[in-house]
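Colleague: The following block contains a protein sequence and its predicted model.
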Amino acid sequence: MNNLNNILALILGEKEKTDSERYFLTSICFIASVFLAFLCVFHMMLNLASAPVYLAGSSSIVLLGLYFYVKTAKNLFTPKLVLTVFGLVFLDFTWYSKFQSFGPVLYFIFAFGALVLWVWEGRALFFMLLLYAANIFVLFSIEYMDSSFAFTYPDVKTRSIDIYLSFSLYSSLLIFIMYIIKKDFINQREKAIKSDKLKSAFLANMSHEIRTPMNHIMGFSELLENEIDTQKRNQFLKIIQNSSTSLLKLINDLIDLSKIEADDLTLNCCDFSIKEMFTELHEIYANQLLKKEKTNVILSYELPDNDYIICSDPLRIKQVISNLLNNALKFTASGKITYSCRKEGDELIFSVSDTGTGIPEEDKKIIFERFTKFNYSGMNTEGSGIGLSIVDKIVKLLKGRIWLESELGKGSNFHFSIPAHTATAVLTPMPVKSTQEEPKLADTQFRSAVLVVEDDTNCLYLIKEFLKTLNLNIEQVGDGKAAVEYVKLHPETLLVLMDIRLPLMDGYQATAAIREFNTKIPIIAQTANAMISDKEKALQVGCTDYLAKPLEPVKLQEMVKKYLKI
């Protein structure tokens, strides 16, 4: 049975990786081509009539060509149209050459209507059904006016052989097609049931994963208000910060997962340095080890050719490595964590290895599935179980592969590859950016430079607190319309922090309106609309840069200093 499934997957494509419409059309074309070839051969062997031999043989070739076309076509409208029209024409000629309604073909013309109904939808279905009905009327007219074929079988024996041979083959074809439809229906029903169960499990899991950090944030915030002991206050603040980070990571993972499920995760490729990325990751995760008080763990990276400059999506590659490093940090209490990149043939191989708990053999098979979460030695008290599932899908989107080597008690090695045809090894140090300072604005120019467009008073207060060390005079308006008027009346304003969801006029409209009379002022979108498409839209309407909420104080300060040149 497995061999048969493998053969079908090779011919028709893997069902799980092929959209249902393409899979169905591929199946119809290939199976019909095979059955028509049988019909042609049997008619030749039995020497019944020459017309069905020509019709079945030529139609088998046409359908085989259509099968290859469907497998590669981007748009399925043309192959569907060819299949529908050609199918009707073929059946019409076969009907005429096989004694009209006295042969078995008329019943398969009726069955062909079900295929039309299955393949088309919407307005196209209406027109195809009209074509089908018109075809039946034409057949009726032909037979009504000319019944010369009706009784021209040479004898009863030949008639029986012809009718039942055709009936057997056409019936087998119809049964096979209906089997595919039934199997697809059952598969979709099972997937729906499984999806419903997963959704219930997902909601229960997410409820727990969201409520746990929220409990920490709300609970320790309450305690912080009345606590006077400095050490305890610092401890409470640390818990609140860690819980906030966990909650933000969960939200980002959920957004990525939803985009992956909707096939909406896109790549933004550019040239970048692996070494620069690795250096940044080392700084981030060295701090993570300190926060988690894992001083017994050594973090390092390896680049055998010193550096690689590649053209790919740095955000997604960094996301994959970060997820793997997060897991390594969870399950490693002592020893070392190493991440590396090397070139092998036509691939770049990234690896993350640790000396942690390792993974049992039975868990390796399901570790990349959604909502799969393991808690070896009580070391995984956080996480949603979707990180590695996202990693697996991103790697496939990058046209790579991912695998692991692990032994319980001896650590794990995760590897993933991406195509290396655009990678260039750099054996000399990367050029150092110029450290020459850009001219700073005088204090009188930038102290009253910033307009914050924000309708949430708490968010405004937070931004002011984040920027207070820069000694800026911050002005605030609460809607987009007021922001446009303010910039018009105060051309000396040197920077705008623009929220997007605003009353009266949203941030997109306000930015576009400001750009009509001021094209130079930097406008930074600061918004909870955190999708990549939101960033692209903000930049398209005229925003200079973009920050997603929740805002990070360091990033906000750096961006403000960058555009104010301070």
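Modeller: Structure's in. What do you need?
Colleague: Kindly provide the distance from residue 63 to residue 44.
Modeller: Taking CB to CB, to the nearest Å as the measure, residue 63 and residue 44 are separated by 18 Å. Where C-beta positions appear, they are placed from N, C-alpha and C, glycine not excepted.
Colleague: wait, I meant residue 469
Modeller: 90 Å.
Colleague: swap in residue 193?
Modeller: In terms of CB to CB, residue 193 sits 48 Å off from residue 44.
Colleague: Neighbour count for the two, which is higher?
Modeller: Higher neighbour count among residue 193 and residue 44: residue 44, with 14 against 10, using other CB atoms under 10 Å.
Colleague: Using the three-state scheme, assign that one.
Modeller: helix (DSSP: H, G, I helix; E, B strand; the rest coil).
Colleague: How many neighbouring residues does the nearest residue to residue 289 once chain neighbours are set aside have?
Modeller: In space, and not counting its chain neighbours, residue 289 is closest to residue 297: 5.6 Å by CB to CB, 6 or more residues apart in numbering. Residues lying near residue 297 (other CB under 10 Å) number 20.
Colleague: With residue 403 instead?
Modeller: 12.
Colleague: That one contacts residue 415, correct?
Modeller: Yes: counting by CB atoms under 8 Å, residue 415 is a contact partner of residue 403 at 5.6 Å.
Colleague: what sits in contact with each of the two?
Modeller: Counting by CB atoms under 8 Å, 6 or more residues apart in numbering, no residue touches both residue 403 and residue 415.
Colleague: mind listing the strands for the protein?
Modeller: 270-273, 297-302, 308-312, 335-344, 347-354, 401-406, 412-419, 424-425, 450-453, 474-477, 495-498, 523-527, 545-548 (DSSP state E).
Colleague: Compare those strands and say which comes out lowest on pLDDT.
Modeller: Mean pLDDT is lowest for strand 424-425 among the strands of the chain, at a mean of 65.
Colleague: For residue 53, which non-adjacent residue is closest in space?
Modeller: Residue 53 sits nearest to residue 43 (CB to CB, 6+ apart), 4.8 Å away.
Colleague: check contacts around that neighbour.
Modeller: Contacts for residue 43 (CB under 8 Å, 6+ apart) come out as 49, 52, 53, 56, 165.
Colleague: Could you tell me the model confidence score at it?
Modeller: Per-residue pLDDT puts residue 43 at 77.
Colleague: again, but for residue 317
Modeller: Value listed for residue 317 in the pLDDT field: 91.
Colleague: give me every residue that touches it.
Modeller: Residues in contact with residue 317 (CB under 8 Å, 6+ apart) are 277, 350, 398, 418.
Colleague: And for the first one, the neighbour number?
Modeller: Look at residue 277: counted by other CB under 10 Å, it has 18 neighbours.
Colleague: One more: the third one?
Modeller: A count of neighbours around residue 398, defined by other CB under 10 Å, yields 20.
Colleague: If we ignore the residues flanking it in sequence, what's nearest it?
Modeller: residue 418 (4.9 Å).
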